[in-house]
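[1] Here you go, sequence then predicted model.
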Amino acid sequence: MHPTILETNGKPAFVVLPYDEYLAITSGKPVAKARVPADDSVPHEVVRMQVKNNWSLIRAWREYLGITQAEMASRLDIRQPSYAAMEAVDAKPKKITRERIAAALEISLEQASL
């Protein structure tokens, strides 16, 4: 479903959009947050992205949640190139780093470490 623009006198006046998008806009939270399972499982789509693209699990989660590397770097208070190195396929971040990344993604450590 896409937003619908309603016009008055030939000019845009109102937008009708899905309720979840409205909530995301008014709460400041991304819609994708609702897609994180509460039971520490990893959605099939995250695993599929990881395998299909040969990505790290951390990158697959970030892409799935629609977060940029720059935004992640900002959340972690580091530079973007430093964050990019952390999500490389061959990277082996320490547990404390994985905890910080999981918190920045708003997922559990278990979801970020499988």
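    Ah, there it is. Predicted model only: the values in this text are computed from it and were never measured.
[2] which is the next helix or strand following the worst-scoring helix or strand of the chain on mean pLDDT?
    Within the chain, judged by mean pLDDT, DSSP states H and E, the helix or strand with the poorest mean is helix 19-27; its value is a mean of 74. Downstream of helix 19-27, the next assigned helix or strand under DSSP states H and E is helix 44-53.
[3] count of neighbours near Arg59?
    The number of residues packed near Arg59 is 22, by other CB atoms under 10 Å. No exception for glycine: its C-beta is placed from N, CA and C like everyone else's.
[4] Using the record's domain definitions, break this protein down for me.
    Domain assignment for the chain by automatic domain parsing gives 1-34, 36-113.
[5] Deepest in the core, which of those domains is it.
    Per residue and on average, the most neighbours among those fall to domain 36-113, with a mean of 16 (mean count of other CB atoms under 10 Å).
[6] Pro12 should be in a strand, yeah?
    Yes: under DSSP: H, G, I helix; E, B strand; the rest coil, Pro12 sits within a strand.
[7] mind listing what it touches?
    5-6 (CB atoms under 8 Å, 6 or more residues apart in numbering).
[8] Would you check how far apart it and Thr26 are?
    Using CB to CB, to the nearest Å, Pro12 is found at 20 Å from Thr26.
[9] Lys95 too?
    36 Å.
[10] re earlier: hey, least reliable of the domains of the chain by pLDDT?
    Comparing mean pLDDT over the domains of the chain, the weakest stretch is domain 1-34, at a mean of 75.
[11] distance of the residue most central in space within the chain from Glu71?
    Compute the mean C-alpha point of the chain, and by CA atoms, centre = their mean the closest residue is Leu65, 2.1 Å away. Distance, Leu65 to Glu71, by CB to CB: 10 Å.
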